[in-house]
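>>> Need coordinates for the following:
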Amino acid sequence: MLKPTLFLTALLLATQPVLAAGAWQPYPETLASFDYSEDTLGQHWQDLTGGFRGPLPTADTLKADAERWPELYELTRKHLQALPETHPELAFLAEGEPSDHFDAYAEQLRRTWSLLFNGQFQQARELGMALGPAGYFPALYAQALYATLVETDESTRQRLLEEVINRTRDIMPKAPDHPMIRFGNAYGKARILEQLSASEAIATGYTSEVKDTLTTLLEENPDNIYALTLYAGVHAGIIEKAGSLVARLTYGAKESEMETLFTEAIDLAPHYPAVYYEYARARLKVDGEDGHDEALTLLEKTRDMTPDSAEEALILRATQRLRQGLAN
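As a prediction, this is how the structure comes out:
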């Protein structure tokens, strides 16, 4: 079997079609840099993911996934058969059955995650998508992070998030209980809702869908820090757009529930900056100017945090900008 070379990622990017949104903005050079690789990722996986983005990709985890979601495995197998034409540098994965190459495939998945954690979001997106459905989650998560934390053009941001929604929706029937696919779908919808007016948000139908998905994920795993944080922010967004009474009667969104979810998230991950950032934003959504002091107090808790990934570095940049804006 052909061993993937160290320059495979660069070669892949050279052969990839340009995304509809064009070239992405680079990760800021002024922020902390990271150098994770497919070989070193395992040493840091738990710290980087908290265990809520699935296990570190290995041959064993791929075998378990194939047994749990055989339709997703079959979809991936069909995708890999086209690699000699679409991505010659990955053609070795098309030889025989995917199960023959679980070790090499897992290595490429780890490379995708490493690119994401290093802030190479477009590269992570393109490599993950090239790997097929099993690579969609890190690929689309990289895309969602970029859209949320880096992209400045609102129309481009919305297009990127809509693709996340559509891609996860398309493969969800193949793995309807896949927690990461469901979360990715809910994340894209929740972030789009933030950009819309109340009437536009209602028209999408996303509000109830996001609420139902996150409720189910938390029933399955009450300690899912990402679902807790996103769901708490969703409560705040509904209250902001609909008002507390309509939010409670129509969607069951309540300020008390928002506070409970954020408190649980902080108890579980007191050093995760996104919790404080999202909680501060939620206080401003619910309380307006009256929430400035409490928002500032929450943001101050992130001041001395050290990021473990490009995602966290970008979140800390966002907290700093919001803190400075509120202080002025």
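>>> Just give me the residue right at the centre of this structure.
What sits nearest the mean C-alpha location of the chain, by CA atoms, centre = their mean, is Y141, with 3.4 Å.
>>> which SS state does that residue fall under?
Following DSSP: H, G, I helix; E, B strand; the rest coil, the label given to Y141 is helix.
>>> looking at it, it is touching L116, isn't it?
Yes. With contact defined as CB atoms under 8 Å, Y141 counts as touching L116 (6.7 Å). For the C-beta atoms, the positions are set from N, CA and C on the backbone; glycine is no exception.
>>> now the helices: where do they sit in the stretch 101-250 of the chain?
Assigned by DSSP state H, counting those that start in this stretch, the helices in the stretch 101-250 of the chain fall at 102-117, 121-130, 136-149, 154-171, 179-195, 198-204, 206-220, 225-242, 244-246.
>>> These into JSON lines, with extra columns for mean pLDDT and distance to S37?
JSON lines is the format used below for the helices of the stretch 101-250 of the chain (pLDDT from 0 to 100; distance: least, CB to CB, whole Å):
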{"stretch": "helix 102-117", "mean pLDDT": "96", "distance to S37": "5"}
{"stretch": "helix 121-130", "mean pLDDT": "96", "distance to S37": "13"}
{"stretch": "helix 136-149", "mean pLDDT": "95", "distance to S37": "14"}
{"stretch": "helix 154-171", "mean pLDDT": "95", "distance to S37": "26"}
{"stretch": "helix 179-195", "mean pLDDT": "94", "distance to S37": "22"}
{"stretch": "helix 198-204", "mean pLDDT": "88", "distance to S37": "39"}
{"stretch": "helix 206-220", "mean pLDDT": "95", "distance to S37": "30"}
{"stretch": "helix 225-242", "mean pLDDT": "94", "distance to S37": "24"}
{"stretch": "helix 244-246", "mean pLDDT": "83", "distance to S37": "48"}
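>>> So which of these is nearest A82?
Shortest separation from A82 across the helices of the stretch 101-250 of the chain is recorded for helix 121-130, at 10.2 Å, computed as CB to CB.
>>> Distance check, G252 against M258.
12 Å (CB to CB, to the nearest Å).
>>> Show me which of the two is the more surrounded one.
M258 (24 against 13; other CB atoms under 10 Å).
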